[in-house]
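Enquirer: Got a sequence here, can you build the structure:
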Amino acid sequence: MTDKQIMAVKKLAILCDIINQTVGDAISDILLVESILYARGWSIEDWNKSYTDLPNRQLKVQVKDRNVISTTDAERRCQTPSELQDEIDAAIAKYKFGRSFVRPSGTEDVIRVYAEAESQYSADMLAYEVAVIVYNLAGGVGDQPRKPRC
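Expert: Next up, the predicted model:
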């Protein structure tokens with residue numbers, strides 16, 4: 001290893017002493033952020049400028065049993081029902097900067113739909129399309145999701 005690689009490994013090892021991997025303690029998390037900003041020579045303002053939120057929409061779809069949906073990849077990809085993720089991916093592909101994922105609620109029989117895209121209209125439409133997909137493939141109950149007003 002090069003000297004630079006050895007230093008990088010040492011810095012990563014120190015992270016284990018800074019963060020609480022068991023509970024994700026907020027104070028240790030912010031210390032980690034401060035450490036990274038310092039190492040990069042960034043201010044909090046520099047960090048804030050590095051990211052721009054996209055317009056987004058969150059919806060809920062009422063289902064008979066929220067456990068029909070299982071997820072992977074930090075709840076960003078659906079495993080079951082098997083065809084659900086392919087349908088979501090097809091909807092996402094229609095929108096510039098589109099991103100969407102769904103996850104079962106931890107407390108009620110609903111599936112939470114998260115969507116973002118280039119414009120608020122696109123985010124609203126993507127969320128609606130994904131909500132309809134979830135309703136149809138995951139046992140939606142009650143009224144079908146409504147198309148947003150333009």
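
Enquirer: what phi and what psi does the backbone show at the closest residue to L59 other than its chain neighbours?
Expert: Nearest residue to L59, sequence neighbours excluded (C-beta to C-beta, 6 or more residues apart in numbering): V113, at 4.4 Å. Backbone N, C-alpha and C define where each C-beta goes, glycine included. Main-chain dihedrals, V113, degrees, to the nearest 10: phi -110, psi 130.

Enquirer: With K4 instead?
Expert: Per-residue torsions, K4: phi -70, psi -40 (degrees, to the nearest 10).

Enquirer: can you give me the helices for the protein?
Expert: Counting by DSSP state H, the segments of the chain that form helices are 3-18, 26-40, 44-49, 84-92, 120-137.

Enquirer: Now that the residue nearest to L59 has come up, it's in contact with Q58, right?
Expert: Yes - when contacts are counted by C-beta atoms under 8 Å, V113 is listed as touching Q58 (6.8 Å).

Enquirer: And those two? Which one has more around it.
Expert: V113 (26 against 11; other C-beta atoms under 10 Å).

Enquirer: For L137, see how far away the more buried one is.
Expert: Note on V113: its distance to L137, by C-beta to C-beta, to the nearest Å, is 13 Å.

Enquirer: Spatially, what comes nearest to the residue nearest in space to the middle of the chain if we skip its sequence neighbours?
Expert: Centroid-nearest residue in the chain: R76, 5.7 Å away (criterion: C-alpha atoms, centre = their mean). Nearest-residue entry for R76: F101, 4.7 Å, with adjacent residues in sequence omitted and distances by C-beta to C-beta, 6+ apart.
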